[in-house]
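Novice: sharing a model that was predicted from the sequence below.
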Amino acid sequence: MESLCKIAARFVLDGEATEVKPLGEGFINDTYTVALDGNPAPRYILQRKNHHIFPDVPAMMDNIDRVTRHIKTKVADPLRETLTVIPTRDGALCYHDPDGNWWAMTLFIPGTRSYVRADTPEMAFQGGKGLGQFHRLVSDFHEPLAEIIPGFHNLRWRFRQWDEALRRDAAGRVKDLAEEISWIESRRDRILAFHALTEDGTLPRRVTHNDTKISNFLFNESDGSLLCAIDLDTLMSATLLNDVGDALRSYTNTGEEDDRDLSRVSMSEEMLHAYLDGYRSEMDPFLTPAERDNLAFSGIYITFEQLLRFLMDYIDGDTYYKIKYPEHNLIRARAQHHLLRSMESSLR
Ligand code: ADP
Ligand code: GN1
Ligand code: MG
């Protein structure tokens, strides 16, 4: 493979890329910071986009470029309040290397922090407000968006994949998972009944982020306020409840997404209320009654989906998510199930 500095040099930079260092713990892409001219301060984010998961990286980058340009026309500080896509020297939005890898570059936004969990209700309030601001900023973006991963939060489609995964039993694991499989099957009807609200148009389609866990937002280091949404790979048109639900899955969890110690995992009602208060403070006038009524239930829907996706990946032999140890996807699924049960008992 070309060296990372050489790959960085394919893009239009403000100097010579002299240091490229790995960053973060994303499950899908490989992320690096890029520093210039011997100065260690990061200036850019370089990412190798996972083309097994995102089969059309140019279309994905085109979505990101158009939506972020739209946001830039509406905010006070366009270089900080959204991502800035850096083109290649050939004027493309991504670089396809001779080994078949796809690379993209954005400006590094200094003076920010990202988190894997919310420590205080104030952070959850900021998170909800930030997602509401994002939804408002993209609410008048009416150009079509490429459907980057068809059926991403469509549980009817996920159940089709699930049935197929059980039938295939690629890793021979199904026989040991009777209990875990029953977690999915016992909820199938209820979840599909909720999904039907998106199919019959009760829940409108809007421009949405689709991967709103807390680590996909940047907070201002100075005052802890939320600055912007990042990781825009899955920008698509869908119900905004997918975004609220995925955020609730992450912001309200008292433990980790992959906690082995289930006694640590539960939904914090305090965080739930703080998050939704923040979200409504921006979005309430713009929500339809059906959206408003289902804000909290969206957490159940997306936590269920995440349980299904982790378990399905375990059944498939760990082909989708990066794992750190052999049972990682099973541990993730168990932790999501525990969180789901806690949500179900609180939000009955
Ligand atoms: P992944 O697809 O691997 O999850 P992300 O785009 O979410 O990658 O980036 C991983 C982490 O890198 C983020 O959680 C954040 O800490 C940091 N990061 C990403 N983009 C930027 C940016 N433009 N400026 C500053 N930090 C960033
Ligand atoms: C993945 O890329 P990352 O780590 O932000 C996944 C999300 C899951 C999440 C679970 C494209 O997000 O859908 O909710 O892991 N992204 C994709 O933590 O599948
Ligand atoms: Mg991410």
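Specialist: Perfect, I can see it now. Numbers count the residues shown, from 1 in each chain. Ligands and ions are numbered 1, 2, ... in the order given.

Novice: next one: L347 from ligand 1, what distance?
Specialist: L347 is 28 Å from ligand 1, where distance means Cβ to the nearest ligand atom, to the nearest Å. (Each C-beta comes from the backbone N, C-alpha and C, glycine too.)

Novice: report how many residues lie close to that residue.
Specialist: By other Cβ atoms under 10 Å, 14 other residues sit near L347.

Novice: do you know the pLDDT at it?
Specialist: Listed pLDDT for L347 reads 89.

Novice: that one against A296, yeah?
Specialist: Yes: at 5.2 Å, L347 counts as touching A296 under the criterion of Cβ atoms under 8 Å.

Novice: enumerate the residues of the stretch 201-348 of the chain near ligand 3.
Specialist: Within the stretch 201-348 of the chain, the positions near ligand 3 by Cβ under 5 Å from the ion are 216, 231.

Novice: show me which residues of the stretch 201-348 of the chain are close to ligand 2?
Specialist: Counting by Cβ under 6 Å from any ligand atom, the positions of the stretch 201-348 of the chain adjacent to ligand 2 are 211, 213, 216, 231, 234, 257, 306.

Novice: could you dump those to TSV with distance to ligand 1 and neighbour count?
Specialist: Formatted as TSV, those follow (distance: Cβ to the nearest ligand atom, whole Å; neighbours: other Cβ atoms under 10 Å):
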residue	distance to ligand 1	neighbour count
D211	8	22
K213	9	20
N216	5	20
D231	3	24
T234	10	23
E257	13	20
Q306	15	23
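
Novice: now compare these and name the two farthest from each other.
Specialist: Greatest spatial distance among these (Cβ to Cβ): T234 and E257, at 17.2 Å.

Novice: which residues in the protein form strands?
Specialist: 17-22, 30-36, 42-49, 85-86, 95-96, 102-107, 112-113, 206-208, 217-220, 226-229, 236-238 (DSSP state E).

Novice: got the contact list for the fifth one?
Specialist: Applying Cβ atoms under 8 Å, 6 or more residues apart in numbering, the set of residues contacting strand 95-96 from outside is 7, 10-11, 57, 88, 102-104.

Novice: let's see if you can find the most crowded of those residues.
Specialist: Ranking those using other Cβ under 10 Å puts A104 first, with 27 neighbours.

Novice: partner residues bridging that residue?
Specialist: Q47 (DSSP bridges).

Novice: so what's it up against?
Specialist: 46-47, 49, 57, 61, 85, 93-95.

Novice: if I pick F304, what's in contact with it?
Specialist: F304 neighbours (Cβ under 8 Å, 6+ apart): 155, 187, 191, 340.

Novice: what residue in this structure comes nearest to ligand 1?
Specialist: G26 (1.7 Å; Cβ to the nearest ligand atom).

Novice: wait, what's in contact with that residue?
Specialist: 215, 231, 322.

Novice: how close does the nearest residue to the last one once chain neighbours are set aside sit to K213?
Specialist: Spelled out, that is K322. In space, and not counting its chain neighbours, K322 is closest to F27: 5.0 Å by Cβ to Cβ, 6 or more residues apart in numbering. Here F27 is placed at a distance of 10 Å from K213 (Cβ to Cβ, to the nearest Å).

Novice: what is the neighbour count of whichever residue of the stretch 51-200 of the chain sits closest to ligand 3?
Specialist: Per Cβ to the ion, S114 is where the stretch 51-200 of the chain lies closest to ligand 3, at 8.4 Å. Residues near S114, counting by other Cβ under 10 Å, number 15.
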